[in-house]
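Q: One predicted model, sequence on top.
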Amino acid sequence: MLLFLFSKNCWSQNTNDTTAVAYVAGACDMCKTRIEKAALERKGVKSANWNLTTQLLTVSFNHEQVTLERILCRVADRGHDNDFEKAKDAVYDALPSCCAYRDKATAGGQTMTGSAAVTLAENMLVKGVVMEENKQGTFVPLTGATVQWLGTTTAVATDSSGVFSIRSVKDINQLIISYVGYKADTITVNNGAEMKVIMASGKQLNEVTVTSRMRSTYLSSLSPIRTQVMTERELFKAACCNLGESFETNPSVDVSYNDAVTGSKQIQLLGLSGNYTQLTVESLPGPRGLATAFGLNFIPGPFVESIQLNKGVGSVVNGFESIAGQINVELKKPQTAERVFVNAYINDMTKTDLNLVLTKKLNDRWSTALMLHDNFQARTNVDYNNDGFRDNTTGNLFAAVNRWNYNGIKGFESQLGFKILLDHITGGQTGFRPDIHQGGNSLYGLGIQTNRYELYAKAGYVFPGKKYKSIGVQFSVFDHQQDAYYGLTTYDGKQQNIYANLIYQSIIGSTIHKFRTGLSFLSDQYDEQFQADRYKRKENVPGGFFEYTFTPVEKLNIVAGIRADHNNLFGWFATPRLHIRYEPVTGTTIRMSAGRGQRTANIFAENNSVFVSARQVQILATSEGRAYGLLPEIAWNKGISIDQKFKLFGRNANMALDFFRNDFKQQVITDLENPRKVVFYNLDGKSFSNSFQAELNLEPVKKLEWRLAYRFYDVQMTYTSQLLSKPFTARHRAFSNLAYELKGWKMDYTINYIGTKRITATSSNPPVHQRDQTSPSYVLMNAQLSKSLGKNKHTEVYLGGENLTNFLQRDAILSPDQPFGPYFDAAMIWGPVTGRMFYAGIRWKLK
């Protein structure tokens, strides 16, 4: 909840002074002192007053010296959730016990992405304040105003502070506010919001409800690492059945099919394939290693609370593998998520998704959540391009997550949980039946069975009286088993992973000098069987890190980090990283980053699309190589971004420009330039990527959000002494997303322009099996319409369509009529392999 009071009468004698009112959570008089003191610490703040009953902070400040957002960020730094920022858990947990508000406040301790209030329910306490605007433009409490539920005798009067508290009445959500000498008014109470009602000069009671909305995607303006946060509102703009579909409305990330048969997808960030982007789930390892190809399908969208995306190298605390960027997925929390969330989805190809999320607060300390997902499709004759192959795989995917959260006393908190995933898919020609045709050459088919089990735990402790000082440990293990056949080609893989991370943070003298340090351990054991060849390896990587943050002034942050790790296969290596944030003027933020990343390629799992082809696999091993006879991949990433906030059409807008350069020193090349082979070898020459993106976010009319973006890629690498652009990667992309909300209706429309792409050479094939060297450009359109139903808007129905232009890559498969012949290839994908698709669904929440 947030209210800006910029009316003419609100200005003081100094025309640069502004009065604003914002929601800030607190629980006692000690909170009041802390909140007001934190606000007054900002230069330019003239006065600050926080009301315990209404949870509203009224501040007067010089808007040329400081913004309300910066004031509230400082308040959050002291441990109090508010409209702009949620206090860090470690800081909140260090507050005295009398200041514990998250179990009491309407915000519930959850990151606020809109209204901070709880849903209006029967017998719930509704609070507010009635004030009078006098001739001097100041607000004074109105004592004795009558507050009454419409059509009932239930009424209260405001006290000497203008404050009222009234219990809600079943099926009534309108209050009548009346006072002698003023015209009574009827006010609708939405979502149980705390209200502020002000007497206007015209003797008409005006409701000043909280009208500010945080955008569905936003940036943390104070973070030195440019982190883009996609909230649940952003995810609901599309069906978002899984993580891969969550980026359909994001211009920074490309999601495309790996091939025309398996249904696996990959992301691209900065022009690099998804294996160069570190994917984590709540800062723990996400689908990686053998799960790379299908990992985006393994995280159901309805489980996700938010997604954090940063380009370039991340923090050394999170490891050494990020090269293009990091995607961190935050799942729904048992202590903050809805008690019940149900989502059901079906499309016109009969693919069905069912999701259930249940949370339960067991007592003041313990809370738990159970999340269940099941998707299935049985229709085998979906073949839009008439090549005889299914456009989508059939089968079933089941996922379950059970998580527990413990909020202890004196700064201790812990989490633990487990995850199960069982996935079985079948694909190939439309007439293929595994029980009849598997292992033969009459019909081509594939089958992939994946079983994955995960266990994780976290624990943290904040030292009493020293909010800046904490220690935490993260731990996870998973077992991943995949058994697959692609026609007559077989591949089985097993991966066992152990991860542990110990983090200690404190200050050096003052909060100007902060640091984080710790130890980590990463272990991966692989056992892969490709045809008759077996590849086994075990990587153990213990390491340590130190990260120093220097904040001499509010406008400047410098974060310098270094890691030292030892890989039992490749020896010692260092990972230095640097991030700088500078705000030369209010509203303009410049960030720079540079650093090193290193990873070990899993050539089969990351290129499983070559299995659906007749290509012969060749590995040019070296004596120095320890993983498939190949070296680790090493790259340096540098980047700069500029974010500018401004007013356009009288509303907030922002523009972002960023440029990133990536240079590989070592890389495993996947060479498809010979249509009869796929060759893996170490880089011998140059390999680099340049990425430029411009993005504009604006609100041309109220509640209409418009996002525009343009992106340019220049990605080149050396293939057997020849520097070529990366195949199947568009140099140009343009993007537009419109999102409009009106009276429970939400409308979203996304259009993508994808430029031409280089296609690998097929000139040595017979003419009938040759393809153009460049793909055409094309346009994709997606749209969704949703409607919230019911008084409390617990139910939402949605209808949508994808690929509305029905654009298809018609020749997705080479030689589809001879899948066991020498020219068969289903991996040369540059465009959509499925046509126009419509879907419908329903979401239901019980808070």
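A: Done, it's in.
Q: where does the stretch 201-350 of the chain dip in pLDDT?
A: For the stretch 201-350 of the chain, the stretches flagged by pLDDT under 70 are 201-215.
Q: Now do the strands in it.
A: For the stretch 201-350 of the chain, applying DSSP state E, counting those that start in this stretch gives strands covering 205-208, 217-219, 228-230, 253-257, 265-269, 272-273, 277-281, 284-285, 304-311, 325-331, 340-347.
Q: Would you format the ones you listed as CSV with mean neighbour count and distance to Ala812 included?
A: (Each C-beta comes from the backbone N, C-alpha and C, glycine too.) Output for those, formatted as CSV (neighbours: other C-beta atoms under 10 Å; distance: least, C-beta to C-beta, whole Å):
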stretch, mean neighbour count, distance to Ala812
strand 205-208, 18, 57
strand 217-219, 20, 32
strand 228-230, 22, 30
strand 253-257, 20, 9
strand 265-269, 22, 15
strand 272-273, 23, 19
strand 277-281, 23, 25
strand 284-285, 22, 33
strand 304-311, 22, 29
strand 325-331, 23, 27
strand 340-347, 19, 20
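Q: right, and the ones you listed - which one's nearest Gly319?
A: strand 277-281 (6.8 Å; C-beta to C-beta).
Q: Which neighbours in the sheet does that closest one have, and how are they oriented?
A: Partner strands and pairing direction for strand 277-281 (DSSP bridges) are strand 284-285 (antiparallel), strand 325-331 (parallel).
Q: Pipe the ones you listed into CSV and attach distance to Phe61 per row.
A: Output for the strands paired with strand 277-281, formatted as CSV (distance: least, C-beta to C-beta, whole Å):
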stretch, distance to Phe61
strand 284-285, 41
strand 325-331, 32
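Q: related to what we said a few turns ago, quick one, which of the strands of the stretch 201-350 of the chain gets closest to Asp748.
A: Here strand 217-219 is closest among the strands of the stretch 201-350 of the chain (C-beta to C-beta), at 12.6 Å.
Q: Who is the residue nearest in space to the middle of the chain paired with across the strands?
A: Compute the mean C-alpha point of the chain, and by C-alpha atoms, centre = their mean the closest residue is Ile307, 1.2 Å away. Note on Ile307: beta-bridge partners by DSSP bridges are Met230, Val329.
Q: doesn't Asn328 make contact with it?
A: Yes. Taking contacts as C-beta atoms under 8 Å, Ile307 lies within contact range of Asn328: 7.3 Å.
Q: Which stretches in the stretch 601-750 of the chain count as strands?
A: Using DSSP E, counting those that start in this stretch, strands in the stretch 601-750 of the chain cover 616-619, 633-648, 651-666, 668-671, 677-682, 687-701, 704-719, 722-725, 732-742, 745-754.
Q: now the angle between strand 651-666 and the second one, please.
A: Meaning strand 633-648. Interaxial angle, strand 633-648 versus strand 651-666 (axes from the mean of the first three to the mean of the last three C-alpha atoms, to 10 degrees): 170 degrees.
Q: quick one: strands adjacent to strand 633-648?
A: Partners of strand 633-648, by DSSP bridges, with direction: strand 588-599 (antiparallel), strand 651-666 (antiparallel).
Q: any idea of the mean pLDDT for that strand?
A: Mean pLDDT, computed over strand 633-648, is 96.
Q: That one: how far from the chain's middle?
A: Centre-to-centre, strand 633-648 and its host chain are 18 Å apart (C-alpha atoms, centre = their mean, to the nearest Å).
Q: So which bits of it are buried?
A: Residues of strand 633-648 classed as buried: Glu633, Ile634, Ala635, Trp636, Asn637, Lys638, Gly639, Ile640, Ser641, Asp643, Lys645 (neighbour count, 16 or more other C-beta atoms under 10 Å).
Q: Now render the strands of the stretch 201-350 of the chain as a markdown table, adding distance to Trp844.
A: Formatted as a markdown table, the strands of the stretch 201-350 of the chain follow (distance: least, C-beta to C-beta, whole Å):
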| stretch | distance to Trp844 |
| --- | --- |
| strand 205-208 | 29 |
| strand 217-219 | 25 |
| strand 228-230 | 22 |
| strand 253-257 | 28 |
| strand 265-269 | 28 |
| strand 272-273 | 38 |
| strand 277-281 | 25 |
| strand 284-285 | 30 |
| strand 304-311 | 17 |
| strand 325-331 | 19 |
| strand 340-347 | 4 |
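Q: Could you list the low-pLDDT ranges of the stretch 651-800 of the chain?
A: Of all residues in the stretch 651-800 of the chain, none has pLDDT under 70.
Q: Can you pull out the residues in contact with stretch 736-755?
A: Residues from elsewhere that reach stretch 736-755 (C-beta atoms under 8 Å, 6 or more residues apart in numbering): 216, 236-238, 248-249, 251, 703-709, 730-735, 777-789, 793, 831.
Q: for it, how far is the first residue from the last?
A: 15 Å (C-alpha to C-alpha, to the nearest Å).
Q: I believe Gly841 is in a strand; please confirm or correct that.
A: Yes. Counting by DSSP: H, G, I helix; E, B strand; the rest coil, Gly841 is located in a strand.
Q: and the closest residue to it other than its chain neighbours, what is it in contact with?
A: Spatial nearest neighbour of Gly841, chain neighbours left out: Tyr345 (3.9 Å); criterion: C-beta to C-beta, 6 or more residues apart in numbering. The neighbours of Tyr345, taking C-beta under 8 Å, 6+ apart as the test, are Ala239, Cys241, Thr352, Asp353, Leu354, Tyr839, Ala840, Gly841.
Q: Is the fourth one inside a helix or a strand, and which specific one?
A: Under the criterion DSSP states H and E, the helix or strand holding Asp353 is strand 352-361.
Q: Give me the helices and strands touching the helix or strand following that strand, please.
A: Using DSSP H and E, the next helix or strand after strand 352-361 towards the C-terminus is strand 366-377. On a contact count with 3 or more C-beta pairs under 8 Å, 6 or more residues apart in numbering; DSSP states H and E, strand 366-377 meets strand 352-361, strand 394-407.
Q: can I get those in a markdown table with mean neighbour count, mean pLDDT and distance to Arg591?
A: Listed next are these as a markdown table, based on neighbours: other C-beta atoms under 10 Å; pLDDT from 0 to 100; distance: least, C-beta to C-beta, whole Å:
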| stretch | mean neighbour count | mean pLDDT | distance to Arg591 |
| --- | --- | --- | --- |
| strand 352-361 | 18 | 95 | 35 |
| strand 394-407 | 19 | 95 | 33 |
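Q: want to try TSV for these, with distance to Leu175 as columns?
A: Formatted as TSV, these follow (distance: least, C-beta to C-beta, whole Å):
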stretch	distance to Leu175
strand 352-361	29
strand 394-407	34
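Q: Of the ones you listed, which is nearest Lys333?
A: For Lys333, the closest of those is strand 394-407, at 6.8 Å, according to C-beta to C-beta.
Q: Let me know the angle separating the closest one from strand 366-377.
A: 170 degrees.
Q: Quick check: neighbours of strand 394-407 in the sheet, parallel or antiparallel?
A: For strand 394-407, the paired strands and their directions (DSSP bridges) read strand 366-377 (antiparallel), strand 412-428 (antiparallel).
Q: Now the last one: buried residues?
A: Of the residues in strand 412-428, those scored as buried under the neighbour-count criterion (16+ other C-beta under 10 Å) are 413-415, 417-419, 421, 423-428.
Q: of those, the lowest pLDDT goes to which?
A: The lowest pLDDT within these belongs to Glu413, which sits at 90.
Q: if we can go back for a sec, please identify the most buried of the strands paired with strand 633-648.
A: Neighbour counts (mean count of other C-beta atoms under 10 Å) averaged over each of the strands paired with strand 633-648 peak at strand 588-599, with a mean of 21.
Q: Now do it: distance to the chain's middle.
A: Using C-alpha atoms, centre = their mean, the distance from the centre of strand 588-599 to the centre of the chain it belongs to is 19 Å.
Q: Taking strand 304-311 as reference, get the angle to it.
A: Using the same axes, to 10 degrees: strand 588-599 against strand 304-311 is 90 degrees.
Q: Alright, I will stop here.
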